[in-house]
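Trainee: Return a 3D structure for these sequence lines:
(2 chains)
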Amino acid sequence: MKKIASAFTVLKRHPNALIGSIMVTLLILMALCAPLLAPHDPLKINPKNRFDSPSITHIMGTDEYGRDILSRIIYGSRTALTVGLSATTLSAIFGSLIGLSCAYAGGKVDEIVMRFMDILMSFPGILFALILLAGLGSNIGTVIIAIATPAIPKTARIARSAGLAVRREEYIEAAIVRGDNPLYILLVEMLPNTIQPVIVDASIKVGFAILTAASISFLGMGVQPPTPDWGLIVGQAREYIFESPMLIVWPIAAIAVTTISFNLLGDGLRDILDPRELGRI
Amino acid sequence: MTPSYFFRRLFLMALTLLCISAIIFAITGILPGNLAQVILGEYATPEALQALHQKMGLDRPYYVQYFSWLGNALQGDMGTALSMEQPITEVILFRLKNSAVIAFFSLTIVTCIAVPLGVWAGLHRNSLPDRLIQLSSYIGISIPEFATASLLIILLAGPVFSIFPSTGFVPMSENPLKSLYHMALPVLTLVVVLIAHIMRQTRSEMIQVLQTDYIRSARLKGLPERQVVYKHALRNALLPTVTVLALDVGYLIGSIVVVEEVFAYPGIGRLVVFAVQARDIPLLQSSVLVIASVYCIVNFLADIAYSFLNPKIRYK
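Mentor: Sure, this is the predicted structure:
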């Protein structure tokens, strides 16, 4: 309880982080409780009610198949959050493992692996994602991999520089002399002391991952119809852009609100954990 | 600039491109759904597959296939696209030129608007206009390109203000004015997408420079504020902008893929999307390789330019 109270005092001093964390919590709740919140079945086709204007039964109207837009937007948060959060978690895990191993090993291994990471970094992310999707096929799992992979090199860099600072500490030397297993040293001794910058970086990346996922769905290379997904809704509604512009505006608003919430949280988290960056956005 | 720096960067660029070409080839060539299968369809007989394999050289070891692909590409021969009866090199050059035109216009416009605004915002930190600029750029980076593009279509090509065409393409050589007219919306979208990014970078660079010791001593020795800002701060703040602009070409490439698709603009980004959808692996490999090369070359040139502007770098 005391911890929660102190967390709240910190948050009060950082309005960005406060607003961000409230919005992110609400979004996660919305995704979890989608079946309770959605007024209709998001997949229920109703040919009689195509392009209905907003009414009491359909607050945002209906789409080209007569499906309730509000319900589809609510369910869409599930795909967006799943992809955004798992892709960033995946890249954070692999990035920090690679970065820390390099910091621990040093020497030639470090140099070769990090050079390779630099090379990967000079490959535009969305292209990397697209050829991965072309090779692996499109479903929610491959989308997560396609977004996570291009993000690994930068995380590895961050984890490595944090790891190098820790590597020189006496307790690591002691662990090596003691003959501890390298894996144990990496995961138990180094990881907890280097995780902070990785978490800050990951929290900033969630918004970006959600944007990329939306673009991939928009291009028709991500999750496939009829899955309710914000990017996909816009992609499919493109044909009806002038007949029913709101069909495009609603999912865009949902994407923007979600990304802004995660960006606020990420920036706020960085301000709290790294006061030197304070005031810079 | 020392020749050794130049050659080291050149070597690094070549190495990067070699690795990237290998990655492209590995992901698209070895993963499931191989070429012959794609061409002949799911129900092809094993004999037919075998024959086509041999004809296309797919039965050779992977490294032989890779080096012959790369060797031919270096000589300007990228083979024939599966989905269109045209040499890939020809298609790519035409598409690349179209993309280069909109990329050039967008980058020029963005630089002219975003850099001064960013500098100004950095100088008048936390003033009302600065906060407004900050807020709009915050929203700007939170909206995907296809959203900006769609909203601009609704706004400027829709029934209300029908100012610009939402699709279509006219070659520059045919009718320059009409060509520009059709480019207006794609370029405008790219400008909106990039402006937030460059403005934020310039602003934070300016703020950082203004906090350095040499600015403080310039102020303390009584230099007029004008001179402090324009002679001391601005030059140093603008230096990294060169790198930021080069990095933004990477960002621009990502945006261009989506924007060209939305406006049905025949650029190289749309070619990549088309190649993925048509499962045209040779076309995909070559077009991605070309885009990656452009990006690497731009970065290389930016590094060289930066070393001209900032003598400290050369001797590292």
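Trainee: contacts, neighbours, all on C-alpha from now
Mentor: Will do.
Trainee: What is the neighbour count of B:L194?
Mentor: Around B:L194 there are 26 other residues, counting by other C-alpha atoms under 10 Å in any protein chain shown.
Trainee: My guess is it contacts B:T111. True?
Mentor: No - using C-alpha atoms under 8 Å as the test, B:L194 is too far from B:T111 to be in contact (9.4 Å).
Trainee: Report the secondary structure state of A:V249.
Mentor: Local secondary structure at A:V249 is given as helix here, using DSSP: H, G, I helix; E, B strand; the rest coil.
Trainee: For the nearest residue to it once chain neighbours are set aside, report the pLDDT, please.
Mentor: Closest residue to A:V249 in three dimensions, ignoring its sequence neighbours and counting by C-alpha to C-alpha, 6 or more residues apart in numbering or on different chains: B:L151, at 7.5 Å. On the pLDDT scale, B:L151 is placed at 88.
Trainee: now swap in A:I147 and tell me
Mentor: On pLDDT, A:I147 comes in at 92.
Trainee: next one: the helix or strand containing it to chain centre, how far?
Mentor: Per DSSP states H and E, A:I147 falls inside helix A:140-167. Per C-alpha atoms, centre = their mean, to the nearest Å, the displacement of helix A:140-167 from the mean C-alpha position of its chain is 13 Å.
Trainee: Write out the residues of the stretch 201-316 of chain B neighbouring chain A.
Mentor: Applying the criterion C-alpha under 8 Å from any C-alpha of the partner chain, the portion of the stretch 201-316 of chain B that neighbours chain A consists of B:204, B:250-251, B:253-254, B:258, B:261, B:273, B:276-277, B:279, B:284, B:288, B:292, B:295-296.
Trainee: where do the helices sit along the chain?
Mentor: All of this refers to chain A. Secondary structure of chain A, counting by DSSP state H: helices at A:2-13, A:15-32, A:34-37, A:69-105, A:107-121, A:125-136, A:140-167, A:170-178, A:182-184, A:191-218, A:230-237, A:246-273.
Trainee: look at chain B instead
Mentor: For chain B, the helices identified by DSSP H occupy B:3-30, B:35-40, B:46-56, B:62-74, B:88-123, B:128-140, B:145-152, B:176-210, B:213-220, B:225-227, B:234-262, B:268-277, B:281-309, B:311-314, in order along the chain.
Trainee: what's near enough to touch A:M190?
Mentor: Taking C-alpha atoms under 8 Å, 6 or more residues apart in numbering or on different chains as the definition of contact, the neighbours of A:M190 are A:L100, A:G163, A:V166, A:R167, A:I172.
Trainee: Surely the last one and A:L187 touch.
Mentor: No - under the contact definition of C-alpha under 8 Å, A:I172 does not touch A:L187, with a separation of 11.8 Å.
Trainee: More neighbours: the two, which one.
Mentor: Looking at A:I172 and A:L187 with other C-alpha under 10 Å, you find the greater number of neighbours at A:I172, namely 18 against 14.
Trainee: which parts of the helix holding A:I147 are buried?
Mentor: In terms of neighbour count (16 or more other C-alpha atoms under 10 Å in any protein chain shown), helix A:140-167 has its buried residues at A:140-164, A:166-167.
Trainee: If you count contacts, what does it end up packed against?
Mentor: With contacts defined as 3 or more C-alpha pairs under 8 Å, 6 or more residues apart in numbering or on different chains; DSSP states H and E, the secondary structure elements packing on helix A:140-167 are helix A:69-105, helix A:107-121, helix A:125-136, helix A:191-218.
Trainee: Next, the contact list for B:S286, please.
Mentor: Residues counted as contacts of B:S286 (C-alpha under 8 Å, 6+ apart) are B:A73, B:M78, B:I88.
Trainee: For PyMOL, write the selection for the buried entries among those residues.
Mentor: Typed into PyMOL, the next command selects the buried ones out of the contacts of B:S286 (criterion: 16+ other C-alpha under 10 Å):
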select buried, chain B and resi 73+78+88
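Trainee: Just put the contacts of B:S286 in JSON lines and tack on pLDDT.
Mentor: Formatted as JSON lines, the entries for the contacts of B:S286 read as follows, by pLDDT from 0 to 100:
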{"residue": "B:A73", "pLDDT": "80"}
{"residue": "B:M78", "pLDDT": "74"}
{"residue": "B:I88", "pLDDT": "85"}
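Trainee: Just the closest of the contacts of B:S286 to A:K48, please.
Mentor: Top of the list for closeness to A:K48, among those and by C-alpha to C-alpha, is B:I88 at 47.0 Å.
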